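Novice: 3D, please:
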Amino acid sequence: MTSTAWLRRPQLRPNAAVRLVCLPHAGGSPGLYRAWAALLPPEVELLLVCPPGREDRLDDPLPADLATLVGGLGAALSPLLDRPWAVFGHSMGATVGHELALQLVRQGHRPPVHLFVSAREAPQFHRGGTTHLLDDDALCAELVRLGGTDAALLSMPELRRLVLPAVRDDYRLIETYPARPDGLLPCPVTALVGADDTELTAEEADGWRQWTSGSFQRLTFSGGHFYLSDRPQEVVSAVCRRIAEYTTASL
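Specialist: Numbering: from 1, shown residues only. The predicted model follows:
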């Protein structure tokens, strides 16, 4: 699979000092981050991950497991690791981003300059679950409860048919994920959380400290599980400050 299929580049920045790879939540699409392109400084190029089953990849085969997803993404991303890079993953995307970074380092690529894990518990607190087994109505109700999805859209049968297969499969991937990461990352890790996110405790977010030999910090923002959609400028500014601490770029 080509990098074009997996990655969206809203603004090509061939002279960027850093590439920021952003991964969506379960069932999510690159649209979660598209507003960031206009908020990032010219030194940062945005790479948006588009997993199979959404946007123009509706007919692409869904991965057998999370390792297969990470493998396909890693192969697509490898040619773009010719300069410093960072990873931001939200919810399920944080777990995928963590495993992606570990895989690429094992393959001999330069480590990311930073890993941002948003609204996701550390691997040792992984809970699994059975959401992927719910019927369509119950699955839609869960999406609405978490926020980030318009209930009116999910009431449209034609839209349900398009989006629910990828949502259900993503939940299957993350809920059956074995949560046994191989080793520590050498880069700093920052956990970002919403102050009112009932899906995550401070202890679970702070547990990411155990998965890096670098520094760790937790940042808390107003809002719930999808805090980043409510305050993109605040989140982007925080991300850029953290990246700038560990690169020569002036962001």
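Novice: tell me where this structure has helices.
Specialist: 3-6, 66-77, 92-106, 136-146, 151-154, 157-175, 202-206, 227-230, 232-244 (DSSP state H).
Novice: could you identify which of those has the lowest mean pLDDT?
Specialist: Lowest mean pLDDT within the helices of the chain: helix 151-154, at a mean of 79.
Novice: show me what it is packed against.
Specialist: Applying 3 or more Cβ pairs under 8 Å, 6 or more residues apart in numbering; DSSP states H and E, one finds that helix 151-154 contacts helix 136-146. For glycine as for every other residue, the C-beta is placed from the backbone atoms N, C-alpha and C.
Novice: list the buried ones in the helix it packs on?
Specialist: By 16 or more other Cβ atoms under 10 Å, the buried positions in helix 136-146 come out as 139, 140, 143, 144, 146.
Novice: same deal with stretch 34-50?
Specialist: For stretch 34-50, by 16+ other Cβ under 10 Å, it's 36-37, 39-41, 43-50.
Novice: which residue, other than its chain neighbours, is closest to residue 78?
Specialist: residue 109 (6.7 Å; Cβ to Cβ, 6 or more residues apart in numbering).
Novice: quick one: the one you found and residue 100, what's the gap?
Specialist: To residue 100, residue 109 is 10 Å away according to Cβ to Cβ, to the nearest Å.
Novice: now the common contact residues for those two.
Specialist: Here residue 109 and residue 100 share no contacting residue, scored by Cβ atoms under 8 Å, 6 or more residues apart in numbering.
Novice: tell me which of the two has more neighbours.
Specialist: residue 100 (24 against 16; other Cβ atoms under 10 Å).
Novice: contacting residues for the nearest residue to that one once chain neighbours are set aside?
Specialist: Leaving out its chain neighbours, the residue that sits closest to residue 100 by Cβ to Cβ, 6+ apart is residue 70, at 5.2 Å. Residues near residue 70 by Cβ under 8 Å, 6+ apart: 96, 99, 100, 103.
Novice: output these in a markdown table; the columns should cover distance to residue 123.
Specialist: Output for those, formatted as a markdown table (distance: Cβ to Cβ, whole Å):
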| residue | distance to residue 123 |
| --- | --- |
| 96 | 12 |
| 99 | 9 |
| 100 | 14 |
| 103 | 14 |
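Novice: kindly indicate the member of the residues you listed with the most neighbours.
Specialist: residue 96 (28 neighbours).
Novice: quick check: pLDDT value at residue 192.
Specialist: pLDDT, residue 192: 98.
Novice: wait, doesn't it sit right on residue 217?
Specialist: No: Residue 192 lies out of contact with residue 217 (Cβ atoms under 8 Å); the separation is 9.5 Å.
Novice: who's more crowded, these two?
Specialist: Higher neighbour count among residue 192 and residue 217: residue 192, with 24 against 15, using other Cβ under 10 Å.
Novice: so what's the residue lying closest to the more buried one once chain neighbours are set aside up against?
Specialist: Closest residue in space to residue 192, ignoring its immediate chain neighbours: residue 118 at 4.4 Å, by Cβ to Cβ, 6+ apart. Neighbour list for residue 118: 88, 89, 90, 91, 93, 94, 191, 192, 193, 228 [criterion: Cβ under 8 Å, 6+ apart].
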